[in-house]
Each structure stands twice: as structure tokens, then as C-alpha cells.
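# starting from these lines, generate the structure:
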Amino acid sequence: MSLSIELERDENLTVGQWETFLRQARRAGASDDTPVAEVMHDGTDVLCAYRVAVTDSQGAAPEQVTIPVSLVHDLLRVVAEVAKSDGDVRGLESGAQTALQSTYDYLLAPVLGGNPNSSRSGEASDV
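From the prediction side, this is the model:
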């Protein structure tokens, strides 16, 4: 059994539409070597869509998230402090809260249109 992901051709096709199409194909198991086929209108040379066919044997690819280096540093710093703490994490709340808030702001704000608990909104955070 195979799965096909199609992107209908549009004169005003945007980069965002291509990214969404490729992300869906990767989630379905497409790799860097998976071909993107052109779909022609019935019996003509008129391009109407792009298609990626994925077979069952390819398995779904893991989703990847890109985060800024500064956030990685913050997260690693907090984890390193917890690892060295012998279980006593008192005094780490501020650093952990900052790293958590930054993570929410970076990863959720684009999806949700903002983080109502964001410290950047001028209100105290409850996260």
C-alpha cells in the first residue's frame, strides 16, 4: 500500500505551501531521495499538481524542531545544574522558569499566535 501527498498547482504558490507539502511528505516517510512527480491534467501537458508517493516500507520520519542556540544553552545549563545538585533543586526555579518560558514563547507562540502566560506580555507567568 502506498500513500500519495499532493500539492495542487497554483499561479500564486507560496513558500509556506511548499513547506507544508514537504513537511507532510516527510511525516509520511518521504526521504531526501524521494522523487516529487509532476501530475498532468488528464491526457494533456498541463501541470495541475505535484505528488510524493510513499510506500509502507519507508516508515514515518521523526519530526524535527529547530530551536535557537541560546535556548539550547539555557536548557542545557538548567539540566546540568539539576544533574550536579544531588536532588536538591532549590534555587534553580528562576533558571528553570526562564528556560521553560523561552521554550513556550519560541515553540508555541508561532502555533497559538502567542503565549498568554508569556513574561514578555508584561504579566506574571503561571507556566
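# center of this protein, which residue is that?
Centroid-nearest residue in the chain: residue 65, 4.5 Å away (criterion: C-alpha atoms, centre = their mean).
# pretty sure that one is in a strand, no?
No: checked against DSSP: H, G, I helix; E, B strand; the rest coil, residue 65 lies outside a strand; its state is coil.
# and it, what does it touch?
Contact analysis of residue 65 by C-beta atoms under 8 Å, 6 or more residues apart in numbering lists residue 107. Quick note: C-beta positions are derived from backbone N, CA and C, even for glycine.
# name the helix or strand for residue 39, please.
strand 37-40 (DSSP states H and E).
# oops, could you answer that again for residue 25 instead?
Here residue 25, judged by DSSP H and E, is contained in helix 15-28.
# now the residue nearest to the centre of the chain: how far from residue 86?
From residue 65 across to residue 86, the span is 31 Å (C-beta to C-beta, to the nearest Å).
# which elements pack onto the strand holding residue 39?
strand 47-55 (3 or more C-beta pairs under 8 Å, 6 or more residues apart in numbering; DSSP states H and E).
# would you mark the buried spots in the strand it packs on?
50, 52-54 (16 or more other C-beta atoms under 10 Å).
# what would those residues look like in TSV with distance to residue 98 and pLDDT?
Listed next are the buried residues of strand 47-55 as TSV, based on distance: C-beta to C-beta, whole Å; pLDDT from 0 to 100:
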residue	distance to residue 98	pLDDT
50	43	91
52	41	91
53	45	89
54	41	84
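# among those, which two are most distant?
Largest separation among those by C-beta to C-beta: 50 and 54, giving 13.8 Å.
# for the residue of the chain most remote from its centre, give me phi and psi.
Centroid-distance maximum for the chain: residue 43 at 37.9 Å, with C-alpha atoms, centre = their mean. Phi and psi for residue 43, reported as degrees, to the nearest 10, are phi 70, psi 10.
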